[in-house]
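Student: kindly return the folded structure for what I paste below:
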Amino acid sequence: MAKDDLIQVEGKVTQVLAGGFYKVETETGHVIMARISGRMRSNQIRIVLGDRVTVGVSPHDPTKGLITYRSK
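Tutor: I've put the predicted structure just below:
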C-alpha cells in the first residue's frame with residue numbers, strides 16, 4: 001500500500017513504547033499504535049510524550065499507523 005492511500009488523522013502521543021513505537025490518541029478518542037516514518041527517522045526528528053502528531057492510518061487496519069509529521 002502506498003503512502004498516498006493512508007488516511008491522515010491528528011492525535012497526541014500518550015505513551016512511548018520500546019522499539020520506536022508510540023501510542024497516539026486521536027481527536028475522536030481512538031488509540032493507534034504508531035511508528036515513525038523513515039524520513040523522520042533519517043532526519044533524527046525526536047518525538048516525546050505529549051507531542052501533537054499527524055498519523056497516516058491504513059483503511060485495512062485502523063489500529064496501526066505511521067507518524068508522518070510532528071506539530072510544533
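Student: mind listing what's buried along stretch 17-32?
Tutor: By 16 or more other Cβ atoms under 10 Å, the buried positions in stretch 17-32 come out as Tyr22, Lys23, Val24, Thr26, Ile32. In short, each C-beta sits where N, CA and C put it, glycine included.
Student: could you export those residues as TSV, including secondary structure and pLDDT?
Tutor: Listed next are those as TSV, based on DSSP: H, G, I helix; E, B strand; the rest coil; pLDDT from 0 to 100:
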residue	secondary structure	pLDDT
Tyr22	strand	97
Lys23	strand	97
Val24	strand	97
Thr26	strand	94
Ile32	strand	96
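Student: please report how far Ile47 lies from Val57.
Tutor: Shown here: Ile47 relative to Val57, a distance of 17 Å by Cβ to Cβ, to the nearest Å.
Student: those two: who's more crowded?
Tutor: Val57 (21 against 17; other Cβ atoms under 10 Å).
Student: the helices in the protein, which residues?
Tutor: Along the chain, the stretches classed as helices by DSSP state H are 38-42.
Student: so which elements touch the longest strand seen in the chain?
Tutor: What stands out as the longest strand in the chain, according to DSSP state E, is strand 7-16. In this structure, strand 7-16 makes packing contacts with strand 21-26, strand 31-36, strand 52-57, judged by 3 or more Cβ pairs under 8 Å, 6 or more residues apart in numbering; DSSP states H and E.
Student: returning to what we had before: out of the buried residues of stretch 17-32, flag the one nearest to Thr14.
Tutor: Lys23 (5.1 Å; Cβ to Cβ).
Student: confidence score at Gly19?
Tutor: What the model reports for Gly19 is a pLDDT of 87.
Student: from Asp5, how far off is it?
Tutor: Using Cβ to Cβ, Gly19 is found at 25 Å from Asp5.
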